[in-house]
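Colleague: Sequence plus predicted model, see below.
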Amino acid sequence: MFGHDEANEKVVELLRKKGLDTDHLQTSNRLTVITGGPTGERMLGTIGATFQEAVESGCECIRLLGNIGWSKPGWPDDLDILAFESKVTGAAKKFPCVVMCMYDVASLSGNIMVHGAYETHPLTFVGNVLRENPFYVGVDEYLERLKTV
């Protein structure tokens, strides 16, 4: 699980309510809770290192639930997070994993939703169906676009 503290706490609490022993899952390295960091590169490195440890310990499929800390203390600025978002898919392809990013649409601007959610993810859920995202922009083109923002 990767996200800002408030979101991570909510997800852990939801898992507990569903009957999962999250303390045991964490101590047995079946659940890892990762928070953000000061730069997108550092966050990507932390996630990569965590994935590598999981694979080395025998994990055959990693599931990452992400909830970015847009405008949260201790998190990068929006441009750095946008660059991070664009790189996650490529980094994840190196591992046996499924990554799902959540967005609090009630608190994010339309600009962040368009550029952070739609343009950086090749697949999206629409109506509970996984679909190819027609708005996806490849990482190299996306990063070039960010230079003009």
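Modeller: Sure thing, it's come through.
Colleague: got the buried residues for stretch 105-118?
Modeller: For stretch 105-118, the neighbour count (16 or more other Cβ atoms under 10 Å) marks 112, 115-117 as buried. Every C-beta, even on glycine, is put in place using the N, C-alpha and C of the backbone.
Colleague: Tell me who's in contact with the residue positioned nearest the centre of the chain.
Modeller: In the chain, the C-alpha closest to the average C-alpha coordinate belongs to Gly66, at a distance of 3.3 Å (Cα atoms, centre = their mean). Residues near Gly66 by Cβ atoms under 8 Å, 6 or more residues apart in numbering: 2-3, 88, 99-102.
Colleague: Which of the helices or strands spans it?
Modeller: Gly66 is part of strand 62-67, with elements assigned from DSSP states H and E.
Colleague: mind listing what's buried in the longest helix belonging to the chain?
Modeller: Longest helix in the chain, counting residues (DSSP state H): helix 40-56. For helix 40-56, the neighbour count (16+ other Cβ under 10 Å) marks 40, 43-44, 47, 50-51, 54-55 as buried.
Colleague: next one: stretch 124-134
Modeller: Under the neighbour-count criterion of 16+ other Cβ under 10 Å, stretch 124-134 has 124, 133 buried.
Colleague: Now do the end-to-end distance for that stretch.
Modeller: Distance across stretch 124-134, first residue to last, is 9 Å (Cα to Cα, to the nearest Å).
Colleague: cool, stretch 104-112 as well?
Modeller: So stretch 104-112: terminal residues 11 Å apart, Cα to Cα.
Colleague: how about the helices in this protein?
Modeller: Using DSSP H, the helices found in the chain span residues 5-17, 22-27, 40-56, 78-92, 110-112, 139-146.
Colleague: and of these, who's closest to Arg131?
Modeller: Closest to Arg131 of the helices of the chain is helix 78-92 (Cβ to Cβ; 15.3 Å).
Colleague: Could you give the separation of the closest one from the chain centroid?
Modeller: Remark: helix 78-92 is offset 9 Å from the chain centroid, using Cα atoms, centre = their mean, to the nearest Å.
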